[in-house]
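Let me see the structure of the following:
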Amino acid sequence: MLQRGDESAARVGPLVAQKDYWAPEFVVADVVLFDEYCNMACRYCGGQYDLRPHLPPKDTSQSCLLSALTRLRPQGTDVASLRLSAVQRELLRRFKCVLAGWDAPLVKISGGEITLWDDTAAELARAALAAGRRVQVLTNALAIGPSVLRVAHEHQDVHFQVSLDGVNHSSNRYRCPDLLAHRAVIRNIRLLCTLGRPVEVNMVLTNANTGMLLEELRAMRDLGRVLVAPRPVRGRAALDLCPTRAQVREVDALIDAYESLADSLPPLPYLVRLREILLGGRQEGTPCLVPWIVAGVELRGNLKFCTTSDNSLPSEPLAFEYTSGSGYGALRTLYCHATAMRLPEYCRRCITQYEILGLYVEGAVSEDELKRYPATWGPLAEHRLGVLRKAWSDQVGARAVRTRLEG
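Down below sits the predicted model:
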């Protein structure tokens, strides 16, 4: 293993601390942009948004705009002299820095609600496409503008992930309490489904929709070609909004009915793990490999690999720490050891759609199952996930040998 400070490590990236495997760069770059702005106020969201629902950025309050201007102004620029166009230019400049520093084949773009900035979102997508990446726009689907749609029509490598907890308004009320807004979301998801590629749906399971899980999934299939990833409500909101144990039994019914809904659902091992986490949390021996796979780039000078991690999880580091070339500071890749899962409670109760990639690395999900996700799967992702899969297999095998010898 190379020592810290070795020039080749800084050039190539992190090293797997075993044998001769080079850890690949990340499969997904999850880029959070302009997170002050959102046109929804989901009850379980941790964001502090100062924007009245359904209004474009020009109608935002002065305090919200000032926050964005302060954070995104070019160095040495007086906030009072800035205009919104300058902030947008700075946003694009920083995004191009991220593209230059990372070569993840899929770049996810999110806000707040990035589609409120229709022209800017389209520019960001075009910049990523020009850099040879696939793009996935993360949106609540309340306001899909013409510029983003135009780019999606022109390029097959532009994909969408939408947030929807249910087609019935009662199931979606924690995310979208306003009925007219809910109807607009449904209408826009139908529109996105006409692009000819699957729309991924992020479905947060709460006590409002889990008891109707089967019904809602069937209704989502009627919207068009969708790939739904149910996941638990997380954080403090879970204390009030999490499903009851009786409602979680609906996941058992979903697993039983899997064959009839498989074309719209994640691979079955994901649902089995979802049930485990809903009922008792991530168990001893169940790894979390998301930090290996997803680079979450947050444009305040930090590099984070998980939406809830502070980069100090009690996991065993199996990677080299090096300084990234993108100018955003030090990078550390962590790996949650399967036999030492002393994770914080918020980690034990967490599962996201990225777990599907982790399950592939573990050998529980097949290549054919991942190919159903055209936003993620491709030659580069196949290669990188394959390297991780082999490294993981050898790691598990070596651990089994040690256990037998020690026993």
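
average pLDDT across stretch 237-254?
Computed over stretch 237-254, the mean pLDDT rounds to 92.

hmm, who's touching that stretch?
43-45, 174, 205-208, 210-214, 217, 230, 232-233, 261, 265, 271, 274-275, 278-279, 349 (CB atoms under 8 Å, 6 or more residues apart in numbering). Where you see a C-beta, it was placed from the backbone N, CA and C, and this is true even at glycine.

Could you give me the buried positions within it?
237-238, 241-243, 247-251, 254 (16 or more other CB atoms under 10 Å).

Residue 272 against residue 255, yeah?
Yes - look at residue 272 against residue 255 with CB atoms under 8 Å: they come within range, at 6.8 Å.

Quick check, residue 286 in contact with residue 276.
Yes - applying CB under 8 Å, one finds residue 286 in contact with residue 276, separated by 7.2 Å.

Which one's more surrounded, the two?
Using other CB atoms under 10 Å, the more surrounded residue of residue 286 and residue 276 is residue 286, with 18 against 15.

Assign a three-state SS to the more buried one, would you?
coil (DSSP: H, G, I helix; E, B strand; the rest coil).

Mind checking which of the contacts of stretch 237-254 are in helices?
213-214, 217, 261, 271, 274-275, 278-279 (DSSP state H).

What about residue 130, how many residues nearby?
Residue 130, neighbours per other CB under 10 Å, totals 10.

and residue 106, backbone torsions?
phi -110, psi 130 (degrees, to the nearest 10).

Just grab the bridge partners of it for me.
residue 28, residue 134 (DSSP bridges).

Any figure for the gap between it and residue 293?
10 Å (CB to CB, to the nearest Å).

got any residues that touch both of those two?
27-28.

check contacts around residue 190.
Applying CB under 8 Å, 6+ apart, we find residue 190 in contact with 223-224.

so it, which of the three states?
helix.

quick one: contacts for residue 364?
Counted by CB under 8 Å, 6+ apart, residue 364 has contacts 267, 269.

my read is residue 201 is in a strand, agree?
Yes - if the criterion is three-state DSSP, then residue 201 is within a strand.

My guess is it contacts residue 161. True?
Yes - counting by CB under 8 Å, residue 161 is a contact partner of residue 201 at 7.4 Å.

Of the two, give the one with the bigger neighbour count.
residue 201 (23 against 20).

Skip the chain neighbours and tell me the closest residue to the more buried one.
Spatial nearest neighbour of residue 201, chain neighbours left out: residue 228 (4.4 Å); criterion: CB to CB, 6 or more residues apart in numbering.

Same list (the buried residues of stretch 237-254) but as JSON lines, adding distance to residue 196 and secondary structure.
Converted to JSON lines, these look like this (distance: CB to CB, whole Å; DSSP: H, G, I helix; E, B strand; the rest coil):
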{"residue": "237", "distance to residue 196": "36", "secondary structure": "helix"}
{"residue": "238", "distance to residue 196": "37", "secondary structure": "helix"}
{"residue": "241", "distance to residue 196": "35", "secondary structure": "helix"}
{"residue": "242", "distance to residue 196": "37", "secondary structure": "coil"}
{"residue": "243", "distance to residue 196": "34", "secondary structure": "coil"}
{"residue": "247", "distance to residue 196": "35", "secondary structure": "helix"}
{"residue": "248", "distance to residue 196": "35", "secondary structure": "helix"}
{"residue": "249", "distance to residue 196": "37", "secondary structure": "helix"}
{"residue": "250", "distance to residue 196": "32", "secondary structure": "helix"}
{"residue": "251", "distance to residue 196": "31", "secondary structure": "helix"}
{"residue": "254", "distance to residue 196": "27", "secondary structure": "helix"}
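
circling back to that earlier point, now the helix or strand the residue nearest to residue 201 falls within: mean pLDDT?
Using DSSP states H and E, residue 228 sits within strand 226-232. The average pLDDT for strand 226-232 rounds to 96.

Give the other helices and strands that it contacts.
strand 199-205, helix 213-221, helix 268-280 (3 or more CB pairs under 8 Å, 6 or more residues apart in numbering; DSSP states H and E).

Show me where this structure has its strands.
Secondary structure of the chain (DSSP state E): strands at 28-32, 106-110, 134-139, 158-163, 199-205, 226-232, 294-298, 302-304, 322-323, 330-331.

Looking at the ones you listed, which is nearest to residue 186?
strand 158-163 (10.2 Å; CB to CB).

which of the residues in that closest one are buried?
Quick answer for strand 158-163 (16+ other CB under 10 Å): 158-163.

got the contact list for it?
42, 108, 125, 129, 134-141, 151-152, 175, 185, 188-189, 192, 195, 197-202, 204, 374-375.

can you redo the strands of the chain as JSON lines with distance to residue 179?
Below are those laid out as JSON lines (distance: least, CB to CB, whole Å):
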{"stretch": "strand 28-32", "distance to residue 179": "29"}
{"stretch": "strand 106-110", "distance to residue 179": "25"}
{"stretch": "strand 134-139", "distance to residue 179": "20"}
{"stretch": "strand 158-163", "distance to residue 179": "17"}
{"stretch": "strand 199-205", "distance to residue 179": "19"}
{"stretch": "strand 226-232", "distance to residue 179": "22"}
{"stretch": "strand 294-298", "distance to residue 179": "33"}
{"stretch": "strand 302-304", "distance to residue 179": "36"}
{"stretch": "strand 322-323", "distance to residue 179": "50"}
{"stretch": "strand 330-331", "distance to residue 179": "45"}
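
out of those, nearest to residue 396?
Using CB to CB, the strands of the chain put strand 294-298 closest to residue 396, at 21.3 Å.

and that closest one, average pLDDT?
65.

Then stretch 362-376?
pLDDT averaged over stretch 362-376 gives 94.

Can I get it in CSV? Just the C-alpha atoms.
Written as CSV, here are the backbone C-alpha positions of stretch 362-376 (Å, rounded to 0.1, in the frame of the first residue of the first chain):
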residue,chain,number,x,y,z
GLU,A,362,-21.9,-7.8,-2.2
GLY,A,363,-23.0,-10.3,-4.9
ALA,A,364,-26.7,-10.2,-4.0
VAL,A,365,-27.8,-8.4,-7.2
SER,A,366,-27.0,-9.4,-10.7
GLU,A,367,-25.7,-7.4,-13.6
ASP,A,368,-29.0,-7.8,-15.5
GLU,A,369,-30.8,-6.3,-12.6
LEU,A,370,-28.6,-3.3,-12.6
LYS,A,371,-29.0,-2.8,-16.3
ARG,A,372,-32.6,-1.8,-15.7
TYR,A,373,-31.1,1.5,-14.4
PRO,A,374,-29.8,3.2,-17.5
ALA,A,375,-28.9,6.4,-15.6
THR,A,376,-26.3,4.4,-13.6
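
Done for today, thanks.
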